[in-house]
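Peer 1: sharing a sequence plus its predicted fold:
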Amino acid sequence: MNFKKILFATLFSAGCLYVSAQETMQVTTTEEVFAPHWYLQAQAGFQNTLGEVDWADLNSFNAQLAVGYQFSPILGARLKVDGWQSRGGSEIKGDIYKWKWNYVTPGLNLTLDLSNLFWGYKIDRRWALGVFGGAGVNFAFNNDEAGDAYNKLYAALVAAGMNPASNDRALRYYWKDNKVSLVGQFGLNFDYRFNDRLSAGIEANWNTLTDRYNSKKAKNADWYFNTLLGLRVNLGPTHKTKTTVTDVPVFRDTIYIHDTIYVTVEKPVSGQPGEAAEYGDMIRRDIFFIIAGSKVSDDQMGKVQDLVAFLNKNPKAKLSVTGYADKGTGNPTINKGYAQKRAQSVADILVNQFGIDKSRLIVDSKGDTEQPYAENNKNRVTICISE
């Protein structure tokens, strides 16, 4: 073999390897992700206005309508209007004096979905636990009964030898016609989802106003508490299918022919999305999950079956099962839990559904401390590599 042939073969092989490094293949993956959406809510129930007489004497009816927008699996906002009736009461020498009035309160609340925050977003979850807080403006009116009570209480205090001008039970903050007050609001809600459009729920909210709301001077803020049952209707889809197309680099295995000519065979790079390395006695499968999810989806089960076939074919082989979470969402504590659940989910399927001995599995999780993929959403993954 002369020098020119050797030089030609060397340059030819280097050129092939360089070109192959620039080549890519497209891999398409899909996942179900949260979709922002509007919703309507209608509720009705009971109100209790804080006072000094029996609890039952201060109960009345209440109703609430709201339109809201869910920005993310965790955060939302709603514009709501509640109203109907509040009650007040006072007692002098064993005699009870009661009155009621009407009100309406528009308000703006921020909502926080605790179930998605602490347990991760799942499109098939049936229940949701949340908290909310905000502020509004209370418009109170029809306070005529308080005027009648004011006159009766004044006369009763005088008859009892008490000074109405200094006695807090004398409705010293009695207001006529109407009253406007700022109100702070916060509460809890629990919803049960029938389907993507409809859910039913219960809500408890607490509302605080100025001391003058119930016409009595109490030297502290007035409160009313609502307990409501109702329905929520989502006005759009709550989740959608996200398709990602990724350019994956490929390499070429180089084989010598007669020590001079190179032939190349194309293979995907080890561990790239949608493909896996499987060379002789080795295998790698990357099992992807939806955001905040730890359930192996149907379209990923084929990879699990590949692992089962490999382990059955290689009875002495062990499998490293490592879970990951993406840094782009959640926080390190939450993501650590997601990664652990993703790894354990794959391990449980291998053991419980396919009878793989758990001693052959090495289960680990990295949380979001390591990011095996450059694309953020690809790091919601469990990587399985034979050992």
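Peer 2: In hand now; what should we look at? Residues are numbered from 1 along each chain as shown.

Peer 1: any idea how many residues pack against residue 83?
Peer 2: By the criterion of other Cβ atoms under 10 Å, residue 83 has 18 neighbours. For the C-beta atoms, the positions are set from N, CA and C on the backbone; glycine is no exception.

Peer 1: all helices for the protein, in order.
Peer 2: Ranges of helices in the chain, per DSSP state H, are 3-22, 114-119, 144-159, 301-313, 332-348.

Peer 1: so which of these is the most packed in?
Peer 2: helix 332-348 (a mean of 20; mean count of other Cβ atoms under 10 Å).

Peer 1: per-residue confidence for the residue nearest in space to the middle of the chain?
Peer 2: Centroid-nearest residue in the chain: residue 116, 2.7 Å away (criterion: Cα atoms, centre = their mean). With respect to pLDDT, residue 116 scores 93.

Peer 1: what about the strands in the stretch 201-350 of the chain?
Peer 2: Ranges of strands in the stretch 201-350 of the chain, per DSSP state E, counting those that start in this stretch, are 222-234, 239-257, 261-268, 284-288, 319-323.

Peer 1: these: lowest mean pLDDT?
Peer 2: Set side by side, those give their lowest mean pLDDT on strand 261-268, at a mean of 36.

Peer 1: now do the contacts for the nearest residue to residue 114 once chain neighbours are set aside.
Peer 2: Nearest residue to residue 114 in three dimensions, chain neighbours excluded: residue 129, at 4.8 Å (Cβ to Cβ, 6 or more residues apart in numbering). The contact partners of residue 129, by Cβ atoms under 8 Å, 6 or more residues apart in numbering, come to 113, 114, 115, 188, 189, 190.

Peer 1: ok, these vs residue 322, which is closest?
Peer 2: residue 115 (26.9 Å; Cβ to Cβ).

Peer 1: if we can go back for a sec, got TSV for the contacts of residue 129, with distance to residue 238 too?
Peer 2: Below are these laid out as TSV (distance: Cβ to Cβ, whole Å):
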residue	distance to residue 238
113	12
114	17
115	14
188	21
189	17
190	18
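
Peer 1: ok, so of those, who is nearest residue 33?
Peer 2: Using Cβ to Cβ, those come closest to residue 33 at residue 113, 15.4 Å.

Peer 1: surely that closest one touches residue 73?
Peer 2: Yes. Contact criterion Cβ atoms under 8 Å: residue 113 and residue 73 qualify, at 6.4 Å.

Peer 1: in stretch 353-369, which residues are buried?
Peer 2: Across stretch 353-369, burial judged by 16 or more other Cβ atoms under 10 Å covers 356, 360, 361, 363, 365, 366, 367, 368.

Peer 1: with stretch 59-69 instead?
Peer 2: Within stretch 59-69, the residues scored as buried using 16+ other Cβ under 10 Å are 59, 60, 62, 63, 64, 65, 66, 68.

Peer 1: show me those residues that map onto strands.
Peer 2: Here DSSP state E is the test, and these give 59, 60, 62, 63, 64, 65, 66, 68 as lying in strands.

Peer 1: now do the domain split for the protein, please.
Peer 2: The chain is divided into the following domains under automatic domain parsing: 36-237, 270-387.

Peer 1: and residue 95, what does it touch?
Peer 2: With contact set as Cβ under 8 Å, 6+ apart, residue 95 has these partners: residue 156.

Peer 1: in the chain, where is pLDDT below threshold?
Peer 2: The model of the chain has pLDDT under 70 over residues 1-30, 246-281.

Peer 1: give the burial count for residue 37, as a bare number.
Peer 2: When neighbours are defined as other Cβ under 10 Å, residue 37 has 18 of them.

Peer 1: residues near the closest residue to it other than its chain neighbours, how many?
Peer 2: Once flanking residues are discounted, residue 37 sits nearest to residue 236: 4.1 Å by Cβ to Cβ, 6+ apart. Per other Cβ under 10 Å, the neighbour tally for residue 236 reads 13.

Peer 1: my read: residue 236 touches residue 38, true?
Peer 2: Yes. Counting by Cβ under 8 Å, residue 236 does reach residue 38; the two are 6.3 Å apart.

Peer 1: and residue 190, what are its bridge partners?
Peer 2: Assessed by DSSP bridges, residue 190 has beta-bridge partners residue 129, residue 202.

Peer 1: distance check, it against residue 122.
Peer 2: According to Cβ to Cβ, to the nearest Å, residue 190 stands 17 Å off from residue 122.

Peer 1: equivalent analysis for residue 160, please.
Peer 2: Residue 160 is 63 Å from residue 122, where distance means Cβ to Cβ.

Peer 1: residue 332 too?
Peer 2: Residue 332 is 21 Å from residue 122, by Cβ to Cβ.
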